[in-house]
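Colleague: sharing a model prediction with you, sequence too.
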Amino acid sequence: MSGIALPTSQTTTLARDAQALAPAETETATFGMGCFWGPDALFGAKEGIVRTRVGYAGGTTRDPSYYALGDHTEVVQIEYDPETWTYDELLEIVWANHDWTTSQKRQYRGVLLAHDDTQREIAERSRAGLADRTGQSVDTAVESLDQFYPAEDYHQKYELRTLPVVADELEDLYGDAFPASTVAARLNGFAAGHGTEQQQRNLLATLDLPPTVIDEVRRRL
Ligand code: MHO
């Protein structure tokens, strides 16, 4: 983002990406929980989720892409504010939002990809706890993240891209910085029907978006 020069009004809009935290202040988590469009929106709508991206991980094939996935899985990667969310709390969202009881094809399998030993321990404990309290066996695996390959641009903030008026305007305003912004994460979540009206109103009030864009976002809410 730092290398992108923006006219003043646009800098202001980005500066008002008020919920954004610098990467140094966030922690990162990576989950496979079915088609990655859904969890991108689900997590992106939540306060304290700072950035989201979708990609391929959990396999060994080099440089996968959507049509040449090799042995990788669709995953969502989120940067979160550790003062708002614990990793354990994020795992509860994961359990509640994918089918962890049934074996899926590898592209869509459930997997918790731990970034370090601490995450790995918490994930294993959470998985065992789920099995204990439900009496069911858990198909979703716990593994260590090796490499995350970002998916193609058209998969990033997919739900928001189904509102072309909004997505085009935001890309015009923000350029390359847009898909990675906190604003894009929230709007993508709202476009999928997540979040409350109050949350949506609060966010829109902080942005300098043209009325046509605001109307289009509101219509989806
Ligand atoms: N069933 C979905 C899968 C897309 S996802 C990125 C579709 O093709 O509409 O795997």
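Modeller: The structure has been received and is ready for your questions.
Colleague: enumerate the residues of the protein near the ligand.
Modeller: Neighbours of the ligand within the chain, by C-beta under 6 Å from any ligand atom: 35, 36, 37, 74, 155. Placement of C-beta: from N, CA and C, glycine included.
Colleague: in helices only, show me these.
Modeller: residue 37 (DSSP state H).
Colleague: residue 60 - that's part of a helix, no?
Modeller: No. Assessed with DSSP: H, G, I helix; E, B strand; the rest coil, residue 60 is coil; it does not lie in a helix.
Colleague: about what we covered before: buried members of the residues of the chain next to the ligand into ChimeraX, please.
Modeller: Filtering the residues of the chain next to the ligand down to the buried ones (16 or more other C-beta atoms under 10 Å) takes a single ChimeraX command:
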select :36,37,74,155
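Colleague: so where do the helices sit in this structure?
Modeller: 8-15, 37-44, 87-96, 117-134, 158-161, 164-174, 182-191, 197-206, 211-220.
Colleague: deepest in the core, which of these is it.
Modeller: helix 182-191 (a mean of 26; mean count of other C-beta atoms under 10 Å).
Colleague: quick one: contacts of that helix?
Modeller: Taking contacts as C-beta atoms under 8 Å, 6 or more residues apart in numbering, the residues outside helix 182-191 that touch it are 17, 19-20, 40-46, 49-52, 157-160, 162-163, 166, 170, 174, 178, 195, 199-200, 203, 207, 217, 220-221.
Colleague: ditto for stretch 47-54
Modeller: 19-21, 26, 36-37, 40, 43-44, 74-81, 83-85, 150-151, 155-158, 179-182, 185, 188, 199.
Colleague: and with 6 Å instead?
Modeller: Stretch 47-54 has contacts (C-beta atoms under 6 Å, 6 or more residues apart in numbering) with 21, 26, 36, 40, 43-44, 76-81, 84-85, 150-151, 155, 180, 182, 185.
Colleague: residue 135: neighbour count?
Modeller: 6 (other C-beta atoms under 10 Å).
Colleague: ok, the one 10 residues further on next?
Modeller: The local packing count at residue 145 equals 20, with neighbours defined by other C-beta under 10 Å.
Colleague: that one and residue 112 touch, don't they?
Modeller: No. In this structure residue 145 lies outside contact range of residue 112 using C-beta atoms under 6 Å: 9.4 Å.
Colleague: which residue is it, in this structure, that comes closest to the ligand?
Modeller: residue 35 (3.7 Å; C-beta to the nearest ligand atom).
Colleague: list the backbone torsions phi and psi for the most far-flung residue of the chain relative to its centre.
Modeller: Computed with C-alpha atoms, centre = their mean, the residue of the chain farthest from its C-alpha average is residue 135, at 29.9 Å. Dihedral pair for residue 135: phi 70, psi 10, per degrees, to the nearest 10.
Colleague: contact partners for it?
Modeller: For residue 135, no residue meets the contact criterion (C-beta under 6 Å, 6+ apart).
Colleague: low pLDDT regions in this protein?
Modeller: For the chain, the stretches with pLDDT under 70 are 1-19, 221.
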